[in-house]
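Engineer: With the input below, show me the fold.
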Amino acid sequence: MDKTRTLLLVEDEAIISLATSSKLKKWGYSVFTANTGGKAVMLATADDSIDLILMDIDLGSGLSGPEAAERILDFRNVPIVFLTSHAEQVMVDKVRGITRYGYVLKNSGDFVLRSSLEMAFEMFAAHVELQRQLKRSNAILQSIPDLMFVVDRDGYFRDFCANNFENCLALTPKEIIGNNLGVIFSPEEVARQLQYYRECLDSGAVRTFSYELDIRDERRGFEVRIARQDETHILAIVRDITSIMLTKEALAESEARFRTITDLSPMLIWESDANASCIFFNAKWLEYTGRTLEQEIGRGWSEGVHPEDSARVHQTFSKAYEGRVKFEMDYRLRKADGSYGWISDKGSPKHNRDGNFRGYIGYCTEL
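Structural biologist: Modelled structure (predicted):
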């Protein structure tokens, strides 16, 4: 042992207490003794150095061993091994329901007692570690903002955990366990999800899918990541992606609005990324050059610049990117009929909400 372990021996018969105490000390333990349940409670709750309690069940008058053990366990977590001279079921029943780490007959011999104590320490250490792991797991679960379900192969909810997720539930928590996917989703959606669950159970592969659901007259979006928990159950982690979905929709609407406005504009509009590669040209530009978007994208547009202006245009463009400043230049650009027309090109740097440079947006007017 790394340190001397301290035992509290609770025994009301003085001769047995003395003999057992001597034996325990011989085995390397430090020993306190108590001859009543009341004294045992006082010592165990006052002294944190006591590592294990060897408790006689029958202590005569006053608190019995089981009663003393319950009071001690209400105050602190400590392993208790019960001792008794009786092997009858009635004695075992007296300690039923009490957290204990052994039950030893007094006449069972030194080997049994010593082994029981060693096993009790090992069991207690494992129990403490398990509790630590459970607390850690619960802390992790509580910190996860997602909804977690356990679902079987047939689509029945067997367990769930929701952290501040109740507003996203189609059912109340009490209605979830034992119910089927069918109480929430349409038959078509149930069939789709069951296919994912069964594929995951059969293959063990992690799957991800999404769905939308009307909850309290609001359309909400969810992303589900599923993994096999055991041979018959799936763990499903559900994340509310409504805000992401709405953001994407708003972005798509904004993009569509931008393209509509630019395509209706009489000016030649272009856009580039942070690597000086053009990523957009409006309909007027493509009409002017007679080329497709695929031909103009990237640096293809520069093929239409008049050869005598090409070096100057390239230099102006590069200098603007280096300084990330506005620029303006005139040059000749080839038209759809093969002739060249003079245009005035103005560009402004663009940034994201964090202020990071994202490229340029510009427009050209015919001179």
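Engineer: Mind listing what's buried along the helix or strand harbouring Ala126?
Structural biologist: Assigned by DSSP states H and E, Ala126 falls within helix 110-143. Within helix 110-143, the residues that count as buried by 16 or more other Cβ atoms under 10 Å are Leu113, Ser116, Leu117, Ala120, Phe121, Phe124. C-beta coordinates here come from the backbone N, C-alpha and C atoms, glycine included.
Engineer: now the first one: how far from Glu287?
Structural biologist: Leu113 sits 98 Å away from Glu287, going by Cβ to Cβ, to the nearest Å.
Engineer: Now stretch 221-239: average pLDDT?
Structural biologist: Averaging pLDDT along stretch 221-239 yields 88.
Engineer: Could you tell me the end-to-end distance of that stretch?
Structural biologist: With Cα to Cα, to the nearest Å as the measure, stretch 221-239 spans 9 Å from end to end.
Engineer: Over to stretch 150-157?
Structural biologist: OK, stretch 150-157 end separation, Cα to Cα: 6 Å.
Engineer: in that stretch, what's buried?
Structural biologist: Val150, Val151, Gly155, Phe157.
Engineer: Could you dump the buried residues of helix 110-143 into TSV with distance to Pro307 and pLDDT added?
Structural biologist: Converted to TSV, those look like this (distance: Cβ to Cβ, whole Å; pLDDT from 0 to 100):
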residue	distance to Pro307	pLDDT
Leu113	102	88
Ser116	97	87
Leu117	96	90
Ala120	93	87
Phe121	90	89
Phe124	87	88
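Engineer: residues of stretch 44-58 that come out buried?
Structural biologist: Ala44, Ile50, Asp51, Leu52, Ile53, Leu54, Met55, Asp56, Ile57.
Engineer: doesn't Asn77 make contact with the first one?
Structural biologist: I take that to be Ala44. No. Assessed by Cβ atoms under 8 Å, Ala44 is found out of contact with Asn77, at 11.2 Å.
Engineer: ok, back up a step: of the buried residues of stretch 150-157, which belong to strands?
Structural biologist: Judged by DSSP state E, strands contain the following of those: Val150, Val151, Phe157.
Engineer: Surely the second one touches Ile177?
Structural biologist: No. In this structure Val151 lies outside contact range of Ile177 using Cβ under 8 Å: 10.9 Å.
Engineer: any shared contact partners between these two?
Structural biologist: Phe157, Arg158 (Cβ atoms under 8 Å, 6 or more residues apart in numbering).
Engineer: mean confidence for the host helix or strand of Val190?
Structural biologist: Secondary structure assigned from DSSP H and E places Val190 in helix 187-203. For helix 187-203, the mean pLDDT works out to 92.
Engineer: Now that helix - C-alpha only, PDB.
Structural biologist: The C-alpha trace of helix 187-203 is given here as PDB (Å, rounded to 0.1, in the frame of the first residue of the first chain):
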ATOM      1  CA  PRO A 187     -45.000   8.300 -43.300                       C
ATOM      2  CA  GLU A 188     -42.600   9.300 -46.100                       C
ATOM      3  CA  GLU A 189     -40.200  11.000 -43.600                       C
ATOM      4  CA  VAL A 190     -40.400   8.100 -41.200                       C
ATOM      5  CA  ALA A 191     -39.400   5.600 -44.000                       C
ATOM      6  CA  ARG A 192     -36.500   7.900 -45.000                       C
ATOM      7  CA  GLN A 193     -35.200   8.100 -41.400                       C
ATOM      8  CA  LEU A 194     -35.700   4.400 -40.700                       C
ATOM      9  CA  GLN A 195     -33.600   3.600 -43.700                       C
ATOM     10  CA  TYR A 196     -30.800   5.800 -42.300                       C
ATOM     11  CA  TYR A 197     -31.100   4.200 -38.900                       C
ATOM     12  CA  ARG A 198     -31.000   0.600 -40.200                       C
ATOM     13  CA  GLU A 199     -28.100   1.300 -42.500                       C
ATOM     14  CA  CYS A 200     -26.200   2.700 -39.600                       C
ATOM     15  CA  LEU A 201     -27.100  -0.300 -37.400                       C
ATOM     16  CA  ASP A 202     -26.000  -2.700 -40.000                       C
ATOM     17  CA  SER A 203     -22.800  -1.000 -41.200                       C
END
